[in-house]
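Peer 1: model this:
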Amino acid sequence: MIRTEGLVHSYGDVVAVDDVSISIADGECAVVAGANGSGKTTLVRHFNGLLKPDAGTVEVNGRSVGSDLVAARTAVGMVFQEPRDQLVAATVGADVAFGPENLGLDRDEIDRRVDTALSAVNLAGREDDRVDELSGGERERVAIAGALAMEPDHLVLDEPFTGLDDPARRAVLDRLRSLADGGTSVVVVTHDLRDVLGPADRVVAMADGRVVVDADPETAVESLPEYDVRVPERFDASVPTPADRRDGGRDLDPNARC
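Peer 2: Got it, this is the predicted structure:
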């Protein structure tokens, strides 16, 4: 579980996150929505210690993030809005392998994780491609693959679908659904809910650094437009969420998006 209590973070005189208390359960698929400047990215960057609170606490799996940054960053995989912020190697395969190598895994396990992660983002067989020759959307997929290869307990993605074509977007969504079904909590940060609203368990909307909506998707969509969050014109609340599927609900419509 990820938990914040009374979290406050400021940039100079500007309060970006203001007294936020929130919990993300294991296996939950949560969307954190809000307009630009609402505080959503600042909030999630506390989940693995990229930012330090000015006040309040952040815990991951029952342990304070500040007391053990290594444990937090192992447990929480993060995909940034700008993929260049996290690409560290010259080739696709080396970049995706970087995290597992730092966990001290054996070569066979590293190779397995790299192959699985690249397949999940439609980049199978491109391990030797140079990162600096990729398109923006391809770099984004490499960044997602790098986070997937860590096999974290919790996966946080900040605007992950920007620049992805439809096949890549669907491949990533399929993988996120699979992770949530398997008990990994998935947090998607976005201002545009078209790709993620349907099977999400929960929508948390922020405005001016505060949580203004925290509800199931069907309830949340009624209030989101007033906070400049784009809601799909058609929203099918009958699509089962990850929680529904774990509780023995109907099978997921293969055309549904998560």
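
Peer 1: Run through the strands of this structure in chain order.
Peer 2: 2-11, 14-24, 29-33, 55-60, 63-64, 76-79, 154-158, 185-190, 202-207, 210-215 (DSSP state E).

Peer 1: just checking, what packs against the first one?
Peer 2: By that I understand strand 2-11. strand 14-24, helix 40-44, strand 55-60 (3 or more C-beta pairs under 8 Å, 6 or more residues apart in numbering; DSSP states H and E). (Glycine included, C-beta is placed from N, CA and C.)

Peer 1: Next, the buried residues of the first one.
Peer 2: Residues of strand 14-24 classed as buried: 15-18, 20, 22, 24 (neighbour count, 16 or more other C-beta atoms under 10 Å).

Peer 1: for stretch 97-108, same thing?
Peer 2: Buried-residue list, stretch 97-108, by 16+ other C-beta under 10 Å: 97-100, 105.

Peer 1: hmm, back to that, same list (the buried residues of strand 14-24) but as JSON lines, adding distance to R194.
Peer 2: Output for the buried residues of strand 14-24, formatted as JSON lines (distance: C-beta to C-beta, whole Å):
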{"residue": "V15", "distance to R194": "30"}
{"residue": "A16", "distance to R194": "26"}
{"residue": "V17", "distance to R194": "26"}
{"residue": "D18", "distance to R194": "28"}
{"residue": "V20", "distance to R194": "25"}
{"residue": "I22", "distance to R194": "24"}
{"residue": "I24", "distance to R194": "22"}
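
Peer 1: Looking at these, which is nearest R73?
Peer 2: I24 (16.2 Å; C-beta to C-beta).

Peer 1: Tell me who's in contact with the nearest residue to that closest one once chain neighbours are set aside.
Peer 2: Spatial nearest neighbour of I24, chain neighbours left out: I2 (4.2 Å); criterion: C-beta to C-beta, 6 or more residues apart in numbering. Contacts for I2 (C-beta atoms under 8 Å, 6 or more residues apart in numbering) come out as 23-24, 47, 58-60, 76, 154, 185, 187.

Peer 1: Just among those, which is most surrounded?
Peer 2: With neighbours defined as other C-beta atoms under 10 Å, the most crowded of the contacts of I2 is V76; it has 27 neighbours.

Peer 1: who does that one bridge with?
Peer 2: H154 (DSSP bridges).
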